[in-house]
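Asks: Quick one: sequence and predicted model below, then my questions.
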Amino acid sequence: MLSVTRDPLSVEALTAQVEASVRHRGDGCGAVASFLGLVRATHQGRVVKYLEYEAFDALALQVFSQIQAEVEERWPGAALGIVHRVGRLAVGEASIVIVAATAHRAEAFQVCRYAIERVKQIAPVWKHEFFGDGEAWVEGAVADPADEAARMRALEIACA
Amino acid sequence: MLSVTRDPLSVEALTAQVEASVRHRGDGCGAVASFLGLVRATHQGRVVKYLEYEAFDALALQVFSQIQAEVEERWPGAALGIVHRVGRLAVGEASIVIVAATAHRAEAFQVCRYAIERVKQIAPVWKHEFFGDGEAWVEGAVADPADEAARMRALEIACA
Amino acid sequence: MRVTVRFFARLRELAGAETVSIEVTAPATVSTVWQAVTQAAPDLVPFERAISCAINAEFSRMSHPVSEGDDVAFLPPVSGG
Amino acid sequence: MRVTVRFFARLRELAGAETVSIEVTAPATVSTVWQAVTQAAPDLVPFERAISCAINAEFSRMSHPVSEGDDVAFLPPVSGG
């Protein structure tokens, strides 16, 4: 349920896996919240031709596992899947799919939001944008998985 | 993008429709949040055999349109799809799929959460639970689409 | 005048029918229709304070007038999602 | 001792290589390795305060000791999701 892939993402397939993992656990699974990050047609007014994502695969998998463990500690019984795509992506294609399954809906939304915030903070993945008129690497957060302040910010956003 | 169906739901298919509807609008579509309500294996300690959902189809479609209009007013540029399944559903099957697409992720989560809260408040759909040892109709909210206090509660939950 | 009355979920089970055709005296409101159907099916009475209603597949109020041929629906508290 | 250094994204482009094998004198830390690579590729220097690093695919600190044969990675600010 955690992976980095060059293939197109399927929210349906990940949902089936995540749901099956909790169907008969605790209160069962009544709610699935999912998130897809998609390649937008424009960025800050520039026309996007395509994107390229690059990851440090082995480390990304560890980060996804850490996020999963953080989720299990904060939301016992929740299940989480994260798949990040790398390589060249066209406009409209998904770069990430996150699926969170819980007994009830409030927690599903929280887990899903928490996971995407954490991915953006600490997953070793990079976005390279190619425009009609140039290209640019996107650089966001300095990844530090031990930064508790960042983790608390993600929790606050998720549980607001 | 709004319907009541007897067929199994596909989050993938609805996502494709919703995403396509906003890909070239405004800032485009960078975020999709979706929600699935699933049949849980147990309910209040009782083993669920299956559920039956019933809807007032014509009115449900109107309610979905109203929710869509409320979303467009509060989150201009957002796209929303809602499909509710009716008939007999087995454990693990989805009763509802909601897909919200926006330029950025905070709004996608808000729109998706708002929509499911509104569906639970006002959509003319009923759940009939069949257990190993009996059955029960579930009765939640008295549907009143003009109740502004209920709408504000849904907004607060979505935008907390 | 005749109106069609439509029941859903537990109301349908208690009424013993999905739709019934009833006669009410004009001028009538949704409330008049409800009184008439509960007369025939007293098991529905406890729902009085918890129903929603619709005329011709539009949400309505109990005080709304009904016309000949209208389709009046009574909805128990909802539980979709 | 020899270590392998791995660069990602813009660092990779500026370093002109995905991996390089370099010689550092023991005892060495990740910081020692960074000093050595920026000597060879001064374009990397501006990243100094914004990099993360990993040893053998585990996040690390710049002060962490490195050993013969280690795989040391430097990561620019991330932008996944």
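Replies: Received, thanks. Numbering: from 1, shown residues only, chains lettered A, B, ... in the order given.

Asks: Quick one: the helices in chain A, in order.
Replies: Ranges of helices within chain A are A:11-22, A:57-74, A:105-122, A:148-159, based on DSSP state H.

Asks: Nearest to chain B among those would be which one?
Replies: Nearest to chain B among the helices of chain A is helix A:11-22 (4.4 Å), distances taken as CB to the nearest CB. Glycine gets a C-beta too; all of them are placed from N, C-alpha and C.

Asks: got a list of contacts for the top helix by length along chain C?
Replies: The longest helix of chain C (DSSP H) is helix C:30-40. The contact list for helix C:30-40, computed with CB atoms under 8 Å, 6 or more residues apart in numbering or on different chains, reads C:3, C:5, C:15, C:20, C:22, C:24-25, C:44-45, C:48, C:51, C:53, C:55, C:60-64, C:66, C:72, C:74.

Asks: Same check on stretch C:69-76?
Replies: Stretch C:69-76 is contacted by residues B:56, B:59, B:124, B:126, B:137, B:139, B:143, C:1-11, C:30, C:33-34, C:37, C:44, C:47, C:50-57, C:66 when judged by CB under 8 Å, 6+ apart.

Asks: if I read this right, A:Gly140 contacts A:Lys120, doesn't it?
Replies: Yes. Contact criterion CB atoms under 8 Å: A:Gly140 and A:Lys120 qualify, at 6.4 Å.

Asks: overlap in contacts of those two?
Replies: Common contacts of A:Gly140 and A:Lys120, defined by CB under 8 Å, 6+ apart, comprise D:78-79.

Asks: For the residue nearest to C:Ala54 when sequence neighbours are not counted, what is the enclosing helix or strand?
Replies: The spatially closest residue to C:Ala54, leaving aside those adjacent along the chain, is C:Ala73, at 4.3 Å (CB to CB, 6 or more residues apart in numbering or on different chains). Element membership for C:Ala73, per DSSP states H and E: strand C:71-75.

Asks: And the closest residue to chain D within chain C, how far from C:Glu13?
Replies: Nearest to chain D in chain C, going by CB to the nearest CB, is C:Gly81, at a distance of 28.2 Å. Per CB to CB, to the nearest Å, C:Gly81 is found 21 Å from C:Glu13.

Asks: again, but for A:Arg105
Replies: Distance from A:Arg105 to C:Glu13, by CB to CB: 28 Å.

Asks: still on that earlier bit, what's the angle between the strand holding C:Ala73 and helix C:30-40?
Replies: If you take axes from the mean of the first three to the mean of the last three CA atoms, to 10 degrees, strand C:71-75 sits at 70 degrees to helix C:30-40.

Asks: next one: phi and psi at the most far-flung residue of chain A relative to its centre?
Replies: Distance from the centre of chain A peaks at A:Asp133, with 29.0 Å (CA atoms, centre = their mean). In terms of degrees, to the nearest 10, the main-chain angles of A:Asp133 are phi -130, psi 40.

Asks: Contact residues of chain A facing chain D?
Replies: A:37, A:53-56, A:58-60, A:62, A:84, A:95-96, A:116, A:119-128, A:137-146 (CB under 8 Å from any CB of the partner chain).

Asks: I only care about the residues you listed that end up buried; give me the ChimeraX line for that.
Replies: Buried members of those, defined by 16 or more other CB atoms under 10 Å in any protein chain shown, are picked up in ChimeraX with:
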select /A:37,53,54,55,56,59,60,62,84,95,96,116,119,120,121,122,123,124,125,126,127,128,137,138,139,140,141,142,143,145
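
Asks: Which among the contacts of helix C:30-40 count as buried?
Replies: Buried among the contacts of helix C:30-40 by 16+ other CB under 10 Å: C:3, C:5, C:15, C:20, C:24, C:44, C:51, C:53, C:55, C:60, C:64, C:66, C:72, C:74.

Asks: Check these and tell me the two furthest apart.
Replies: C:Ala15 and C:His64 (20.5 Å; CB to CB).
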